[in-house]
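1. using only what follows, build the 3D model:
(one chain, ligands or ions: 1)
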Amino acid sequence: MTNSSGGQPGGAVSADDASAAGPGGGFGGAAESPRVPSLSPSRASDFLTCPLLYRFRVIDRLPEPPSPAAARGTLVHAVLERLFDEPAARRTPQQARALLQPQWERLAAAEPELAGLFADEAERSAWLSEAGVMLDRYFTLEDPTRIEPSDRELAVAAVLDSGLLLRGYIDRLDVAATGEIRIVDYKTGTSPREEFEARALFQMKFYAVALWLTRGQIPKLLQLIYLGNGEIVRYAPDEADLRATVRKIEALWRAIQRARSTGDWRHRQSRLCDWCAHQAICPAYGGTPPPLPAAGGSEPEQSLSLS
Ligand code: SF4
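-> I've put the predicted structure just below:
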């Protein structure tokens, strides 16, 4: 494992300690509600996929209807998180399946619009059973009775030298007795073809950078668990990887800032358009985007409330 103590590209602030001063303007008290430029892997990925999609989500903040696939992802993540509340011996496929229904009820209570996803009980039940298949598949990839995660749904936040705040949530963090760190992310889709693997790993390297800055330690392993087809992608990053990731994030952020200042949010058509909720207002499909909101509008990716 590589440890770094001093040559890191930025400062660190843990998500639990957001009142600490940060570079590039720092963090003030809660009463000031300072706005800090920030970026998460999901929104970074949106911009890489299509700048216009990023605009619709971050600048316009357009609502998106829930989808069965996204809801299933949330449900499976919730079950896998709760599974580790159980004593090791009870982390069985049966127990995971037993958690499905109560977790679904919790989710549906928190987001009532999810109830409208299904035409009838049979449809909902088929959807739930697909989630059960994914959970069964999880047990073919890992033995959770032998894992004691250090953290689940871990919020991370770290500030680069430029003042950009990186933030996100790590599904699971495992720390070995020797101190080595493994970042684990569950995906309910299928593993990407080789040419798209770098894209999938970018999110993990993003988290690795945030942890490096926060803990002064480069994670030993990044592990993506694809429950859609039962594959695991593993990658061991080194310092050069993470420095390259920082450069990529900074370049991406500059491109986002350029689009913000020029108003030039280009659409980029790809097969991912099939899942885009905004085709009706996208020029690629004959639509017209709404006028940009007035400058200074609330942008979730660019403000950090400390209250
Ligand atoms: S439909 Fe495709 S090109 Fe248009 S905004 Fe969505 S992702 Fe971008």
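
2. going forward, measure contacts between C-alpha atoms and count neighbours the same way
-> Will do.

3. what does the chain put close to the ligand?
-> 50, 52-53, 267-269, 273, 276, 278-279, 282, 284 (CA under 6 Å from any ligand atom).

4. filter the residues you listed down to just the ones in helices.
-> If you go by DSSP state H, those have 52-53 in helices.

5. report the buried members of the residues of the chain next to the ligand.
-> Listed as buried from the residues of the chain next to the ligand are 50, 52-53, 267-268, 273, 278-279, 282; burial here means 16 or more other CA atoms under 10 Å.

6. okay if I get the residues you listed as CSV plus pLDDT?
-> As requested, these are exported to CSV (pLDDT from 0 to 100):
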residue, pLDDT
Cys50, 97
Leu52, 98
Leu53, 98
His267, 98
Arg268, 97
Cys273, 96
His278, 98
Gln279, 98
Cys282, 98
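
7. next, the buried residues of stretch 227-246.
-> Neighbour-count burial for stretch 227-246, with 16+ other CA under 10 Å as criterion, is recorded at 227-228, 230-232, 237-239, 242, 245-246.

8. sorry, wrong one. I was asking about stretch 135-152.
-> 135-139, 144, 149, 152.

9. check stretch 150-168 too.
-> Neighbour count says stretch 150-168 has 152, 156-161, 163-168 buried, by 16+ other CA under 10 Å.

10. do stretch 58-78 as well
-> For stretch 58-78, by 16+ other CA under 10 Å, it's 58-60, 71-73, 75-78.

11. what's the straight distance from one end of that stretch to the other?
-> 25 Å (CA to CA, to the nearest Å).

12. setting aside sequence neighbours, what's the nearest residue to the closest residue to the ligand within the stretch 51-200 of the chain?
-> For the stretch 51-200 of the chain, the nearest residue to the ligand under the criterion CA to the nearest ligand atom is Leu53, separated by 4.4 Å. In space, and not counting its chain neighbours, Leu53 is closest to Asp46: 6.2 Å by CA to CA, 6 or more residues apart in numbering.

13. the one you found: what secondary structure?
-> Put simply, Asp46 is helix when judged by DSSP: H, G, I helix; E, B strand; the rest coil.

14. need the pLDDT of it.
-> Asp46 carries a pLDDT score of 95 in this model.

15. can you check Glu299 too?
-> At Glu299, pLDDT is 43.

16. Provide the contact partners of the strand or helix carrying Leu173 at residue level.
-> Assessed by DSSP states H and E, Leu173 sits inside strand 165-175. Contact partners of strand 165-175, identified using CA atoms under 8 Å, 6 or more residues apart in numbering, comprise 36-41, 77, 81, 147-160, 181-186, 206-207, 210.

17. mind naming the longest helix for the chain?
-> For the chain, the helix with the greatest residue count under DSSP H is helix 239-262.

18. tell me the spacing between Ser42 and the ligand.
-> Per CA to the nearest ligand atom, to the nearest Å, Ser42 is found 14 Å from the ligand.

19. and that residue, what does it touch?
-> Ser42 is in contact with Gln203, counting by CA under 8 Å, 6+ apart.

20. what comes up buried for the host helix or strand of it?
-> Assigned by DSSP H and E, Ser42 falls within helix 41-49. Residues 41, 43-49 are the ones in helix 41-49 that count as buried (16+ other CA under 10 Å).

21. same check, this time on stretch 109-116
-> In terms of neighbour count (16+ other CA under 10 Å), stretch 109-116 has its buried residues at Leu114.

22. do a quick rundown of the strands in the protein.
-> 10-12, 38-39, 151-160, 165-175, 181-187, 221-226, 231-235 (DSSP state E).

23. which helices and strands sit right next to the shortest one?
-> Packed against strand 38-39, as judged by 3 or more CA pairs under 8 Å, 6 or more residues apart in numbering; DSSP states H and E, are the following elements: strand 165-175.
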